[in-house]
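Colleague: model this:
(one chain, ligands or ions: 1)
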Amino acid sequence: MPFSYPDSPVFYRKLTRTYPLIVRGEGCWLFDAAGRSYLDGCGGAFVVNIGHGVTAIGDAMARQAARVAYVSGMVFTHEAAESLAAEIVARAPGDLDHAYFLSSGSEAVEAALKLARQYWVESGRPDKHKVLALTPSYHGNTLLALSASAREQYRSTYRDWLVTVPRVPAPYVYRCTCRGHGPPCAACSGDALEAAILHEGADSVAAFIAEPIGGSSTGASVPRPEFWRRIREICDRHQVLFVADEVLSGAGRTGTWSALEPYGVSPDILVLGKGITGGYAPLSAVVAPRRIVDVLAEGSGALLHAQTYSHHAVACAAGFATLEYIADHDLVARCAGMAPAFHAALEPLRDLPHVGDVRGRGLLAGIEFVADKASRVPFPRSVRFAERFAEAALNAGLVVWPNAGHADGINGDLVMLAPPFIITESEIAMMADRLRTALAATVATTVATTAAQMPTPR
Ligand SMILES: Cc1ncc(COP(=O)(O)O)c(C=O)c1O
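Modeller: Next comes the predicted model:
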């Protein structure tokens, strides 16, 4: 039976392709039922940081499941949540000292934004209800998280259901006006955020949510070093809560536990997901300080965001075991240590046709493709360059993450790399070789046949 719709009873994420059946994972590698192997260059979806097949995590989950798998977070707590929370807050920046556990990044973003809103309501400032967010950005696919996301391909069908989130241009140096050099443009200086707060009226703004290092939406774009300090200062001055969405950039991915760490900046609310269990269980966290949680404790008495699987014992056990494994094997330092070799291997790709930019930090990188390198004009969306590249990479035995739409909301193609922190130099070299193979195949099969659709360079 082919693993494709409609032959299989699985309602697949993509209904138009045939899926390889993965039977095993080990380290940075995945193996399918047909005997093919794949280098997992993006940790699935920026998730697999300690590598595949780490039995210690499965063992910890099995022990927890055998003791007790589930209790309602309304009635009981358990050692797994208590010990994981202690580890999460020990690593959190600033005064963030309480962790609320959910399953997905989208749920945690929803909960974080609701927390911000509830905080202002219970502080006696109910007019503070607006959330500001960057463009491009991605914060998830449930409706409030999608409202905060600048991701047209997901939003357009549901537009009538989404709430208005005023947008602020992201510090996306490949496509902003200053291009990261000389005096910063409004997006890169933070002036754009301040202008948006003043335009909306600070008294109506509850929170600003942003990814400290761009995720898939800006392809690992790294803002200028002074950017986040300015954002912190602006948020403080206007009494706007700064929600850092580190679902993708957190848990060591950029070479520090928090991507904000090098800037010495602490958010008011931190959102974690993906890497905190290395993919062994679905788990996310909202991390908040007492100065915020106390307001709820002394007011309504609870965050108004109940979910059946919050604080799940087996998921928390997976998180605790993963954090322990990362610490025992010094994997955040390893991520930082491998980053120079990783970026040195990717940098020469910049010279290849249609590679507009290569960027990132730690073991997170984005490669942006353009129709014309001089003008940065993207391919028309109909070419589906990023998706074709990802399929070509898979054929070459490399898993990459494609993203589209960042250039102008519709067009724009990039792929992301986020390998497990245990990747070796020879695997990095293999990754670079396979990227070259994929690019040659993509250019050969798409550019030649779609030349007629390309825009004239400006
Ligand atoms: C920055 C960021 N926030 C939130 C999310 C949503 O997480 P999830 O897909 O687990 O719901 C993602 C997912 O890619 C993300 O990259």
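Colleague: Would you mind measuring from the residue of the stretch 301-450 of the chain found nearest the ligand to Ala390?
Modeller: Distance from the ligand to each residue of the stretch 301-450 of the chain (C-beta to the nearest ligand atom) is smallest for Trp401, at 9.1 Å. Heads up, the C-betas are built off the backbone N, CA and C, glycines and all. The gap separating Trp401 from Ala390 is 7 Å, by C-beta to C-beta, to the nearest Å.
Colleague: list residues touching both of these two?
Modeller: Listed as contacting both Trp401 and Ala390 by C-beta atoms under 8 Å, 6 or more residues apart in numbering are Val415.
Colleague: Pull out the buried positions in stretch 201-217.
Modeller: 202, 205-217 (16 or more other C-beta atoms under 10 Å).
Colleague: Which strand or helix spans Val131?
Modeller: Using DSSP states H and E, Val131 falls within strand 130-135.
Colleague: rewinding a little: mind putting the buried residues of stretch 201-217 in TSV, secondary structure and distance to the ligand included?
Modeller: Formatted as TSV, the buried residues of stretch 201-217 follow (DSSP: H, G, I helix; E, B strand; the rest coil; distance: C-beta to the nearest ligand atom, whole Å):
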residue	secondary structure	distance to the ligand
Ala202	helix	25
Val205	strand	20
Ala206	strand	18
Ala207	strand	15
Phe208	strand	14
Ile209	strand	9
Ala210	strand	9
Glu211	coil	5
Pro212	coil	9
Ile213	coil	10
Gly214	coil	9
Gly215	coil	4
Ser216	coil	6
Ser217	coil	8
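Colleague: quick one: which two of those residues are the most distant?
Modeller: Spanning the widest gap among those are Ala202 and Ser216, at 30.8 Å by C-beta to C-beta.
Colleague: Now the residue of the chain found nearest the ligand: phi and psi?
Modeller: The ligand sits closest to Gly105 of the chain, with a gap of 2.2 Å, by C-beta to the nearest ligand atom. Backbone torsions of Gly105, given as degrees, to the nearest 10, read phi -60, psi -40.
Colleague: and what of Glu246?
Modeller: Torsion angles, degrees, to the nearest 10, at Glu246: phi -110, psi 30.
Colleague: Ile269 too?
Modeller: Dihedral angles (degrees, to the nearest 10) for Ile269: phi -140, psi 140.
Colleague: pLDDT score for it?
Modeller: We note a pLDDT of 98 for Ile269 in this prediction.
Colleague: remind me which residues of the chain are low pLDDT?
Modeller: 447-458 (pLDDT under 70).
Colleague: So which bits of it are right by the ligand?
Modeller: 45, 104-106, 109, 138-140, 211, 215, 245, 247-248, 273 (C-beta under 6 Å from any ligand atom).
Colleague: and these, which of them are in strands?
Modeller: Here DSSP state E is the test, and the residues of the chain next to the ligand give Asp245 as lying in strands.
Colleague: Mind checking which of the residues of the chain next to the ligand are buried?
Modeller: Here, 16+ other C-beta under 10 Å leaves 104-106, 109, 138-140, 211, 215, 245, 247-248, 273 buried among those.
Colleague: Pull the most distant pair out of those.
Modeller: Maximum distance among those (C-beta to C-beta): 15.9 Å, for Ser104 and Glu211.
Colleague: just the strands in the stretch 201-350 of the chain please.
Modeller: 205-210, 241-246, 269-272, 284-289 (DSSP state E, counting those that start in this stretch).
Colleague: So what touches the shortest one?
Modeller: By C-beta under 8 Å, 6+ apart, the list of residues contacting strand 269-272 from outside reads 88, 92-93, 96, 105, 108-109, 112, 115-116, 207, 241-247, 250-251, 258, 284-288, 292.
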